[in-house]
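Asks: Structure here, sequence nowhere to be found:
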Ligand SMILES: [Zn+2]
């Protein structure tokens, strides 16, 4: 092989075959072509026409795979005549595939590994992925399991989103229950995240004041959030029926939710208030992909006249000398002065259309954080009022025209940038709790204490029982 993209050093072989396979070599581009033609609906309809019946997905995939493999087989047989053949140690049936020699180059990502026989461990213990696969079939692993962005971009509808979300929920729940049954644990942490995703996407249908409220859709999908919580409740029942009565159960959510009715361009406001200066043309909208290379940021900011900038969800950084590439504000008294001025101004921010207050609170890093990395933290954290979230463009440092504008996307509920005091999560415990106010940071010391492990002196939080 001339070039393998990715990680050729894992396990001593490559297995799997899927949509991420990239065939780079000239003659074998045919493979990619075969693969993509087979994957089309057109091909599906041809298969239906030939077989004279409605092809169910499972059957189609079976045919599709076999036609693909047959095509690859023919292709590889043709390629075997090439010089410099390299035989890679891979499990069947892939061994013949990779014998094609230097003209065939593949990139196969771990997403294509079969969990019951991966070339490198996918889990710890290594048998876990196989156990789960045996019991559940293919399951979702790391990453964002719900199709929030496809719905936000109108590529799927509410029904498809909810069907998929319930599937994701069930997959995850089954993984957790499988682990419970396996009994190979002292502490088991299971994370259900569907509650978060459904609220991001469906809040508009429980909030008639949201610009994206739709009466007809609300009649159909207005109970989506409640349904997910109902499923959580059933799931907790399942968990409780499977553990010994004395086993402590903690149900912890890390945040609450708000309606995201209006978007707020924080950087534009900083320009308007004289804390930030821009020059020249307004650049185009930033995209999330810009973060992953290729994108340019802040191209119209005049740093020689900028005292503060906003980035992320309500974080405002002082343009500090020494820390920032073109900092102009000295740390110490000058920075403190800018922070005080800015915090006071932020609290006066009003919605120009309704006069409503936009910012509930402003927190200074020096007051709320401690430790050796505080110097890298944003100097101010803005706590937005209910209904107002920092705009997507502000999160990436952009400063498009206008301060407040209606959120016309289906991503309609959020927690990022809202005042944390109005965005509490919940803590439910099967054991009596000590005290009356609790913090997400209390969970780690609680677990350490329960297992008799000394709590490090620099850990935040306190045991809840
Ligand atoms: Zn979230």
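Replies: Okay, I see it. A quick note: this is a predicted structure, and the numbers were derived from the prediction, not measured. Numbers count the residues shown, from 1 in each chain.
Asks: Can you list the helices and strands that the host helix or strand of residue 46 packs against?
Replies: For residue 46, the host element (DSSP states H and E) is helix 41-51. Helix 41-51 is packed against helix 57-79, with contacts defined by 3 or more Cβ pairs under 8 Å, 6 or more residues apart in numbering; DSSP states H and E. Any C-beta I mention is one placed from the backbone N, CA and C, and that applies to glycine too.
Asks: Would you mind listing the buried residues in the helix ranked longest in the chain?
Replies: In the chain, taking DSSP state H as the definition, the longest helix is helix 158-182. Buried residues in helix 158-182, defined by neighbour count with 16 or more other Cβ atoms under 10 Å: 158, 161-162, 164-166, 168-169, 171-180.
Asks: Stretch 456-465 too?
Replies: Those would be 463, 464, for stretch 456-465 by 16+ other Cβ under 10 Å.
Asks: now it: mean pLDDT?
Replies: On average, the pLDDT along stretch 456-465 is 93.
Asks: Ok, stretch 423-442 next?
Replies: Here the average pLDDT along stretch 423-442 is 92.
Asks: which residues touch that stretch?
Replies: 247-258, 415, 460-465 (Cβ atoms under 8 Å, 6 or more residues apart in numbering).
Asks: Mark which of these are part of strands, please.
Replies: 250, 251, 252, 258 (DSSP state E).
Asks: residue contacts, the first one?
Replies: This means residue 250. With the criterion set at Cβ under 8 Å, 6+ apart, residue 250 makes contact with 427, 428, 429, 430, 443, 446.
Asks: how far away is the third one from residue 443?
Replies: In this structure, residue 429 and residue 443 are 10 Å apart, going by Cβ to Cβ, to the nearest Å.
Asks: so where do the strands sit in the stretch 351-465 of the chain?
Replies: With strands called from DSSP state E, counting those that start in this stretch, the stretch 351-465 of the chain shows them at 359-364, 380-384, 387-390, 404-406, 413-414, 427-429.
Asks: Of all residues in this structure, which one is nearest the centre?
Replies: residue 144 (4.3 Å; Cα atoms, centre = their mean).
Asks: Angles on the backbone of that one, please.
Replies: Phi and psi for residue 144, reported as degrees, to the nearest 10, are phi -90, psi 110.
Asks: That one and residue 263, how far apart?
Replies: 22 Å.
Asks: What segments of this structure are helices?
Replies: Using DSSP H, helices in the chain cover 29-38, 41-51, 57-79, 127-136, 148-152, 158-182, 194-202, 215-221, 224-242, 266-272, 333-346, 365-368, 392-395, 443-450.
Asks: among those helices, which gets the worst mean confidence?
Replies: Note on those: lowest mean pLDDT is at helix 29-38, with a mean of 56.
Asks: Per the annotation, how does this protein divide into domains?
Replies: 29-108, 127-258+426-450, 261-420 (automatic domain parsing).
Asks: Which one of those domains lies nearest to residue 114?
Replies: For those, proximity to residue 114 was assessed by Cβ to Cβ; domain 127-258+426-450 is nearest, at 7.5 Å.
Asks: First-to-last residue distance for the closest one?
Replies: For domain 127-258+426-450, the first-to-last residue distance is 28 Å (Cα to Cα, to the nearest Å).
Asks: Kindly report the same for stretch 128-145.
Replies: By Cα to Cα, the extent of stretch 128-145 from end to end equals 20 Å.
Asks: from the middle of its chain, how far away would it be?
Replies: Here stretch 128-145 is found 18 Å from its chain centre; the criterion is Cα atoms, centre = their mean, to the nearest Å.
Asks: Name the residues of it that come out as buried.
Replies: Buried residues in stretch 128-145 (16+ other Cβ under 10 Å): 128, 129, 130, 131, 132, 133, 139, 145.
Asks: Could you do stretch 204-220 as well?
Replies: Buried-residue list, stretch 204-220, by 16+ other Cβ under 10 Å: 204, 205, 206, 207, 210, 212, 213, 217, 218.
Asks: ok, which pair from those residues is furthest apart?
Replies: Maximum pairwise distance among these (Cβ to Cβ): 12.4 Å, between 207 and 217.
Asks: quick revisit: which other residues reach the longest helix of the chain?
Replies: 131-132, 135-136, 139-140, 145-148, 150-151, 156, 185, 188, 190-194, 197-198, 201-202, 217, 220-221, 224, 228, 231, 235, 238-239, 242-243.
Asks: so can I have JSON lines of the strands of the stretch 351-465 of the chain showing mean neighbour count and distance to residue 306?
Replies: As requested, the strands of the stretch 351-465 of the chain are arranged in JSON lines below (neighbours: other Cβ atoms under 10 Å; distance: least, Cβ to Cβ, whole Å):
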{"stretch": "strand 359-364", "mean neighbour count": "19", "distance to residue 306": "19"}
{"stretch": "strand 380-384", "mean neighbour count": "24", "distance to residue 306": "15"}
{"stretch": "strand 387-390", "mean neighbour count": "24", "distance to residue 306": "18"}
{"stretch": "strand 404-406", "mean neighbour count": "16", "distance to residue 306": "22"}
{"stretch": "strand 413-414", "mean neighbour count": "22", "distance to residue 306": "27"}
{"stretch": "strand 427-429", "mean neighbour count": "14", "distance to residue 306": "42"}
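Asks: can you tell me which of these comes nearest to residue 49?
Replies: Nearest to residue 49, of the strands of the stretch 351-465 of the chain and by Cβ to Cβ, is strand 413-414 at 45.3 Å.
Asks: Next one: the residue nearest to the centre of the chain from residue 359, what distance?
Replies: 29 Å.
Asks: And residue 129, by the same measure?
Replies: According to Cβ to Cβ, residue 129 and residue 359 sit 47 Å apart.
Asks: quick one: low-confidence parts of the stretch 251-400 of the chain?
Replies: Residues of the stretch 251-400 of the chain meeting the criterion pLDDT under 70: 281-296.
Asks: Excluding sequence neighbours, find me the nearest residue to residue 409.
Replies: residue 152 (5.5 Å; Cβ to Cβ, 6 or more residues apart in numbering).
Asks: these two touch, right, the one you found and residue 201?
Replies: Yes. The criterion here is Cβ atoms under 8 Å, and residue 152 meets it with residue 201 at 7.2 Å.
Asks: Quickly list what's touching both of the two.
Replies: 410, 411.
Asks: Comparing these two, which residue is more hemmed in?
Replies: Neighbour tally, residue 152 and residue 201, criterion other Cβ atoms under 10 Å: the higher count belongs to residue 201, 27 against 16.
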